[in-house]
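Trainee: what shape does this take:
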Amino acid sequence: MSALPPASPADAPRPPVTLALDTATPWLTLALAWPGGELHVSREVGRAHAELLPGAVQALFAEAGLPLRAGQIVIGTGPGSYTGVRVGASYALGLGRVWGAPVLGVSTLEALVRGEGVQGVSLDARKGNVYGAVFEVRGGVAVATTHAPARLPLEEFSGLLGGLPHHQDGPPDGLALLRAGLAHGQREWALAYL
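Mentor: The predicted model follows:
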């Protein structure tokens with residue numbers, strides 16, 4: 001009777017835990033979901049994402065009482081700070097490699113949705129411009145795109161909205177990002193360049 005070879009990390013069952021993170025804005029946004037719970041945090045850190053991200057992720061897992069490992073990771077892919085997006089993407093891709101977890105990319109703009117219905121979201125792009133999109137939101141997730149993410153003058157974007165709710169420049173919602181990643185995150189993603 002021969003023994004089975006030890007399972008490789010790729011064969012190991014993935015824990016039913018999802019980590020989401022976004023570093024594209026001045027906010028460090030994290031969320032964690034697992035069977036029986038979810039946690040999220042968004043705090044303004046300016047440009048200190050690289051220094052604070054590893055400790056913040058460890059603290060989130062500790063607060064949840066979970067080992068530091070997720071079965072999948074959702075990353076906000078921008079638009080936003082060039083350096084900030086790369087800090088988060090590098091960290092997420094590194095964790096994904098170590099954990100054997102897929103990394104799913106979602107536009108940071110999807111983390112700005114609030115409530116339900118058709119709504120506009122935007123981030124300041126400086127000089128009177130915004131990175132904006134219009135989404136239809138159901139169950140806290142953008143399920144359809146009415147106006148694809150683009151860089152536009154604020155006045156032009158406001159005109160596109162025609163009175164629709166507009167959520168701008170607030171802290172990204174880590175749970176909205178996490179849910180969007182689970183719903184339609186892209187495994188073969190590219191960082192947003194607008």
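Trainee: pull the distance from the one helix or strand Val85 maps to to the chain's centre.
Mentor: Here Val85 sits within helix 82-99, counting by DSSP states H and E. Chain-centre distance of helix 82-99: 12 Å, with C-alpha atoms, centre = their mean, to the nearest Å.
Trainee: what is that helix packed up against?
Mentor: Using 3 or more C-beta pairs under 8 Å, 6 or more residues apart in numbering; DSSP states H and E, the elements in contact with helix 82-99 are strand 18-22, helix 49-64, strand 72-76, strand 103-106. C-betas here are computed from N, CA, C, even on glycine.
Trainee: export these to a markdown table and tack on mean neighbour count?
Mentor: Converted to a markdown table, those look like this (neighbours: other C-beta atoms under 10 Å):
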| stretch | mean neighbour count |
| --- | --- |
| strand 18-22 | 30 |
| helix 49-64 | 16 |
| strand 72-76 | 27 |
| strand 103-106 | 24 |
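Trainee: mind putting these into CSV with mean pLDDT and distance to Ser90?
Mentor: Formatted as CSV, those follow (pLDDT from 0 to 100; distance: least, C-beta to C-beta, whole Å):
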stretch, mean pLDDT, distance to Ser90
strand 18-22, 98, 11
helix 49-64, 97, 9
strand 72-76, 96, 10
strand 103-106, 94, 11
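Trainee: doesn't Pro149 lie inside a strand?
Mentor: Yes: under DSSP: H, G, I helix; E, B strand; the rest coil, Pro149 falls within a strand.
Trainee: assess the claim that it and Pro79 are in contact.
Mentor: Yes: here Pro149 reaches Pro79: they are 6.8 Å apart, a contact under C-beta atoms under 8 Å.
Trainee: between those two, which one's more packed in?
Mentor: Of the pair Pro149 and Pro79, Pro79 is the one with more neighbours under other C-beta atoms under 10 Å, namely 26 against 22.
Trainee: so how far does stretch 123-135 reach from one end to the other?
Mentor: 14 Å (C-alpha to C-alpha, to the nearest Å).
Trainee: any idea how the protein splits into domains?
Mentor: Using automatic domain parsing, the domain ranges for the chain come out as 18-109+171-184, 115-168.
Trainee: now do the contacts for the most centrally placed residue in the chain.
Mentor: Taking C-alpha atoms, centre = their mean, the centroid of the chain lies closest to Gly76, which sits 3.4 Å from it. Each residue near Gly76 by C-beta atoms under 8 Å, 6 or more residues apart in numbering is listed here: 20-24, 29, 85, 88, 106-108, 111, 172, 177.
Trainee: who does the closest residue to it other than its chain neighbours bridge with?
Mentor: Using C-beta to C-beta, 6 or more residues apart in numbering and skipping residues adjacent in sequence, the residue nearest Gly76 is Asp22, 3.1 Å away. With DSSP bridges as the criterion, Asp22 is bridged to Thr29.
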